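S.K.: Here's my sequence, what's the structure:
(2 chains)
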Protein chains: 2
Amino acid sequence: MRTTVFCGISLDGFIARSDGTIDFLESFDPAVTPEGTPDDLGFGDLVASVDAMVMGRNTFDFVADSGFDWPYGDLPVIVLTNRPLELPAGLDEVVETASVEPAELLAVLSSRFVEHVYLDGGFVVQSFLRAGLVDELILTTVPMLVGQGIPLFGSLEHDQRFALVESRAASNGFVQSRYHREP
Amino acid sequence: MRTTVFCGISLDGFIARSDGTIDFLESFDPAVTPEGTPDDLGFGDLVASVDAMVMGRNTFDFVADSGFDWPYGDLPVIVLTNRPLELPAGLDEVVETASVEPAELLAVLSSRFVEHVYLDGGFVVQSFLRAGLVDELILTTVPMLVGQGIPLFGSLEHDQRFALVESRAASNGFVQSRYHREP
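M.R.: Predicted structure coming up:
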């Protein structure tokens, strides 16, 4: 079982503005490969490689209310929330809610033979990091300072050391770095 | 006249721990070039290219009290501080204090024919960014989360967009990205 955080952040470390909007991530030209084809920065590969996704309630509400198609296909999604969630038609087959600690959630997923989990959203990332349960960070830094918003990282009791696996600049100025947690 | 921020930050955006120490920056192997020679990540080139440096009082105290040689040679250094500063022998010829706003300081430096200023320290970087007076950011990200400390970035009233000039990974896992402010 391993966990991967995959997200875009502003240069000053925010994943969204205070109201949850991510216009600053979307204000740049789409990345293209050296051959000129669309470059999704590994998002498709990640979604194809994971067996489940965990997101917070704010992230769910933002994605569900975005007006865009649900971007995660039939990937099983667990929404961590304490509040009742009425699932839109079509999503009730792929989305479920839970209100448990990170370690307990991973134990449940492991019992379902889940091997690779995609973590998204500030609350989820911060709580899994505090529990020492983030194995991989794939961060795409957007060249913009937004000054305030929802930070990706929160306070930690101890240092956590990672190893850089690779880093690359995309055509639009995004810098994506991939890290693995050091034992 | 242009300004450059050059600094190392943790993966979660801190330039130092709360007490000013930067052990986490120093806990990695030194970077080396592909040829195996020491790689200073452009620090020497930067110091050689600037005519003056501006730092905050905390940064000055930390560097002056570090027990190491003064790392900036005979580069003129302005310490922004409201408190009296007794300069150690030898430093009084290169260091002066000031207590003015960023724009006023740059006007004074410009009148002295300074063309390129190196900005260092959280307080200085944040106040120059709030004033829209940072032209270049050279950030070296260290693969460690420290959880709390002195952040490089602070709140801003408006977005500030930058353009990525280059990004590279050093042998020790540091990722250095260079950005220019967009007009």
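S.K.: tell me the phi and psi of A:Asp61?
M.R.: The phi/psi pair for A:Asp61 (degrees, to the nearest 10) reads phi -60, psi -40.
S.K.: now the closest residue to it other than its chain neighbours: how far from chain B?
M.R.: Among residues not flanking A:Asp61 along the chain, A:Gly20 sits closest, at 7.7 Å (C-beta to C-beta, 6 or more residues apart in numbering or on different chains). Backbone N, C-alpha and C define where each C-beta goes, glycine included. Separation of A:Gly20 from chain B (C-beta to the nearest C-beta, to the nearest Å) stands at 16 Å.
S.K.: So A:Gly20: helix, strand or coil?
M.R.: With DSSP: H, G, I helix; E, B strand; the rest coil as the basis, A:Gly20 sits in coil.
S.K.: do A:Leu106 as well
M.R.: helix.
S.K.: shouldn't it be in contact with A:Arg2?
M.R.: No. A:Leu106 lies out of contact with A:Arg2 (C-beta atoms under 8 Å); the separation is 9.7 Å.
S.K.: My read is that A:Val108 contacts A:Glu101, right?
M.R.: No. Counting by C-beta under 8 Å, A:Val108 does not reach A:Glu101; the two are 10.8 Å apart.
S.K.: so who does A:Thr3 touch?
M.R.: A:Leu106, A:His116, A:Val117, A:Tyr118, A:Leu119, A:Phe128, A:Leu133, A:Val134, A:Asp135, A:Glu136 (C-beta atoms under 8 Å, 6 or more residues apart in numbering or on different chains).
S.K.: Neighbour count and pLDDT added to these, as TSV?
M.R.: Converted to TSV, the contacts of A:Thr3 look like this (neighbours: other C-beta atoms under 10 Å in any protein chain shown; pLDDT from 0 to 100):
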residue	neighbour count	pLDDT
A:Leu106	21	98
A:His116	16	98
A:Val117	25	98
A:Tyr118	24	98
A:Leu119	27	98
A:Phe128	23	98
A:Leu133	19	98
A:Val134	26	98
A:Asp135	18	98
A:Glu136	19	98
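S.K.: quick one: which of these sit in helices?
M.R.: A:Leu106, A:Phe128 (DSSP state H).
S.K.: Flag every residue of chain A that's near chain B.
M.R.: When proximity is defined as C-beta under 8 Å from any C-beta of the partner chain, chain A approaches chain B at A:11-13, A:24, A:129, A:137, A:139, A:141, A:143-148, A:152-164, A:166-169, A:173-175, A:177, A:179.
S.K.: which ones among these are found in helices?
M.R.: Using DSSP H, these in helices are A:Phe24, A:Leu129.
S.K.: element containing the residue of chain A most remote from its centre?
M.R.: No residue in chain A sits farther from the centre than A:Glu35, which is 27.4 Å out by C-alpha atoms, centre = their mean. Under DSSP states H and E, no helix or strand contains A:Glu35.
S.K.: before we move on, what about A:Gln126?
M.R.: helix A:122-130.
S.K.: And that helix, how far out from the chain middle?
M.R.: Distance, stretch centre to chain centre, for helix A:122-130: 10 Å (C-alpha atoms, centre = their mean, to the nearest Å).
S.K.: Can you mark which positions in it are buried?
M.R.: A:Gly122, A:Phe123, A:Val124, A:Val125, A:Gln126, A:Ser127, A:Phe128, A:Leu129, A:Arg130 (16 or more other C-beta atoms under 10 Å in any protein chain shown).
S.K.: now do stretch A:94-114
M.R.: In stretch A:94-114, counting by 16+ other C-beta under 10 Å, buried: A:Val95, A:Thr97, A:Pro102, A:Leu105, A:Leu106, A:Leu109, A:Val114.
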